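Colleague: Structure for this input, please:
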Amino acid sequence: DDNDDNDDVVTGKEESKASTDEEETGEVVKTNDDVDNEEDENNNRDDVEDEDEEEDDDDDEDDKVGDKVGEKKSEDDQHMSAIPDNVEKHTKGFCIECEERPAVLDCTVCNDEYCKPCFELQHRKGKRKTHKFIQKKDIVEVSWKPSVSRQTSRRTGSVSDEEDEEGNALESSEGIMDPLELLQLERYSPQWFIERAKYIPVRLNQSQRKHLRLMEAALSITNYADIVDSSLFKKESKRTHMKIKMICSFMTSLALGQNYEIGCKLAANQVEFAKFKKWYKYMFELVRRYKIMNPEKLRTTYARLMWMLQDVRNEDVQETVGFDPVLPITSVHSTLKENGCLGVLTHKKLKYATMEILPDGKSRHTIQNEIKLKESAQEEIARQFQNRNMSKDDIKWCLYSMSDNNSFLRCNRYPVDFMIDRLKVLFHPDKFDAGLSLAIMAGQDSSRLTHSHKRQFNYVLQSLTLWQKILDDMFRLWCLAEDDLLDTNHNYSLKDTGQGHHRIQPSQRIYSSLRAVLHKTQQELGSWVGSSVIHLGDKNVPNGFMFIDKYNQVASILGPIVQTLKAIPKLYNGEKTVDTSKSFRFLSSKPSVSKNVKTVKAYIDETFGGPDGLEKVICHDFFSHGFDGSGADNFYDAGSCIDGRLTSAWNWCNQLPTKPFYSIFALAGGLVQEMNQSIKRCIFYSHTYAHTITPSHHTHYTHYTHTHSLS
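Modeller: Predicted coordinates:
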């Protein structure tokens, strides 16, 4: 019924407009016959009317679907669309390249002013490397302000709350550091803790988890993005109508799940959504906060929510809903500041109160002492800063949240640290063993790059170091990605990227921060091999969400490799056997009389020359073919750019079943999560490896499931 009514309304408007056009055309003809001196004016009026009629034509609309939001850009401009359109208007005193930092250097050859990171990036090789510069005397002073405030107030979980909330706009009263300055902070210093706490979400309590389950259930059954982002809509007005319809249905279903009577009133249009805006904001913020703390959870439901929030912030949709549903994430810093407990972040024992206790290589006595040290530090801090607004348990809850952040960083960064160690231990940039050269050549084994052994060694080291620094700053980058997604000043455009329709949107905040991370990596390593292009807001990485989701897969790509390498000594000294006659080479602990059955030790000795040889073969294959520029249809989409390095590693995972050491991965648990004896077959667990499900259910990464039957 809603669709029929809407079609009638739209049709009525079109007929009314058509009749008006006919009347206006008739007046033009009459005027031309009677008044000769107005001929030029009437001709211009005819041209305007013809343009209006062309815009209403359905055939022309089919060609314009997805292109109405923004102007068509050239191929090169699309790859740099993370920079706003008004970047051409240079502000004197600021860097000509990034337009964010004050300029400190003047290039005497380019006649442009740069900040130090951009100057080094633009003049690192070629003829520009010989350019001379002079220090600027008058440097603009600027105080950095966050685009979205990280401060929040106490919220209620009751759907019947009718109090009005003043100031829907997200305002900020505190400054934020330059991304490059933030990366230079000393680890575990008071300022470092303060800046990190601004982006560390607070744990959800039991009541909030109950509401989270309601949100997750409602999001799991909606197909919002599949419908509203479809290319079947001929007019944007109909697409907007469908957005409003689905958003209102979703919000009504949430209210029904919480309070049936109120949900029925909303369904019958007896009350407005704005009456319960505080509750809706509270519910939406819970999902966003939980996702940041648990990136592996809510793989598709989170994206659906973000696309809804993007559309609700649109003026046309927000006018119907009646309020802006976006709240800043409840962070540790904002919670402590609101309750007058910011001194917690500068306490001298905060490092011990939030540290992660690991059992590796420690005696039970040492572990117990570390646990007591951590608990005593938490108790001392909570007792010192408790007040009438914040109890000891509330302060400890914030400390637990910071501990969660440390655990997340350690788990995700450890595989990268391990692979960097293996690269430096097993290989040397200036020499290599026979058959273990990392050199690659374009055209061989799907490689798109040509590197010598030394160049490839540095290329891999730089890529892994960059991933390490990105993962170490993941929570902050995620918050910035959300800010970019929900930025009303930079709307998205719906376009076909070759892998389905995606929302392409500039991501200036995360782009700037990633450039700072890249600059710091280049400074530490002293040189850079390959391209420094960062894909953001183009067909390769359409928006900030796709970027952050891709780099969350780094640990999933490297984790199984690390697990297999660490399991090799245990496998080598074990009693399991391998059937070399099978294509899968299934390994079993059961004795067999087959002549093809050998112990794992004998198999590793004969095939790889021992456990050390096996480790070198696996690492050599990954370091050479996992960073060869493959994994895309053309050089620009993969290659040596920042995004292409991760694409190549993902492509190596897809090729793993064809490798000679595939059976070692299976036995070590690098691929198989659980061996089901009754089914008698092994499944290559594709989720362990890099894959990203886009909000429109188009795979940005390929899912690869490989099954082998067992004897």
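Colleague: And residue 62, what's its pLDDT?
Modeller: Note on residue 62: pLDDT of 42.
Colleague: oh sorry, the question was meant for residue 288
Modeller: pLDDT, residue 288: 94.
Colleague: From residue 280, how far out is it?
Modeller: Distance, residue 288 to residue 280, by Cβ to Cβ, to the nearest Å: 13 Å. For the C-beta atoms, the positions are set from N, CA and C on the backbone; glycine is no exception.
Colleague: The two: which has the busier surroundings?
Modeller: residue 288 (23 against 20; other Cβ atoms under 10 Å).
Colleague: Surely that one is within a strand?
Modeller: No. The assignment for residue 288, made by DSSP: H, G, I helix; E, B strand; the rest coil, is helix rather than a strand.
Colleague: For it, give me its contacts.
Modeller: 302, 305, 306, 329, 482 (Cβ atoms under 8 Å, 6 or more residues apart in numbering).
Colleague: Turn those residues into JSON lines, including neighbour count.
Modeller: Output for the contacts of residue 288, formatted as JSON lines (neighbours: other Cβ atoms under 10 Å):
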{"residue": "302", "neighbour count": "22"}
{"residue": "305", "neighbour count": "24"}
{"residue": "306", "neighbour count": "24"}
{"residue": "329", "neighbour count": "23"}
{"residue": "482", "neighbour count": "24"}
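Colleague: in the stretch 101-250 of the chain, which ranges drop under the pLDDT threshold?
Modeller: 141-184 (pLDDT under 70).
Colleague: tell me the strands in it, going along the chain?
Modeller: Secondary structure of the stretch 101-250 of the chain (DSSP state E, counting those that start in this stretch): strands at 105-107, 113-114, 133-135.
Colleague: what are the pairing partners of the last one, and which direction each?
Modeller: Partner strands for strand 133-135, per DSSP bridges, with pairing direction: strand 105-107 (antiparallel).
Colleague: just the helices in the stretch 101-250 of the chain please.
Modeller: In the stretch 101-250 of the chain, the segments counted as helices under DSSP state H, counting those that start in this stretch are 116-122, 179-183, 190-197, 206-220, 224-228, 236-258.
Colleague: Tell me which of these sits nearest to residue 463.
Modeller: Closest of the helices of the stretch 101-250 of the chain to residue 463 is helix 116-122, at 17.1 Å (criterion: Cβ to Cβ).
Colleague: ok so residue 503 is a strand residue?
Modeller: Yes. Under three-state DSSP, residue 503 falls within a strand.
Colleague: Quick check: bridge partners of it?
Modeller: residue 494.
Colleague: related to what we said a few turns ago, how about JSON lines for the strands of the stretch 101-250 of the chain, with mean neighbour count and distance to residue 197 added?
Modeller: Below are the strands of the stretch 101-250 of the chain laid out as JSON lines (neighbours: other Cβ atoms under 10 Å; distance: least, Cβ to Cβ, whole Å):
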{"stretch": "strand 105-107", "mean neighbour count": "18", "distance to residue 197": "34"}
{"stretch": "strand 113-114", "mean neighbour count": "24", "distance to residue 197": "32"}
{"stretch": "strand 133-135", "mean neighbour count": "12", "distance to residue 197": "35"}
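Colleague: could those be laid out in TSV, adding distance to residue 406?
Modeller: Below are these laid out as TSV (distance: least, Cβ to Cβ, whole Å):
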stretch	distance to residue 406
strand 105-107	38
strand 113-114	36
strand 133-135	40
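Colleague: Residue 603: which of these is closest?
Modeller: Taking Cβ to Cβ, strand 113-114 is the member of the strands of the stretch 101-250 of the chain nearest to residue 603, at 58.1 Å.
Colleague: Neighbouring strands - and their directions - for that closest one?
Modeller: By DSSP bridges, strand 113-114 pairs with strand 105-107 (antiparallel).
Colleague: List the buried residues of the helix or strand harbouring residue 520.
Modeller: Using DSSP states H and E, residue 520 falls within helix 508-525. By 16 or more other Cβ atoms under 10 Å, the buried positions in helix 508-525 come out as 508-522.
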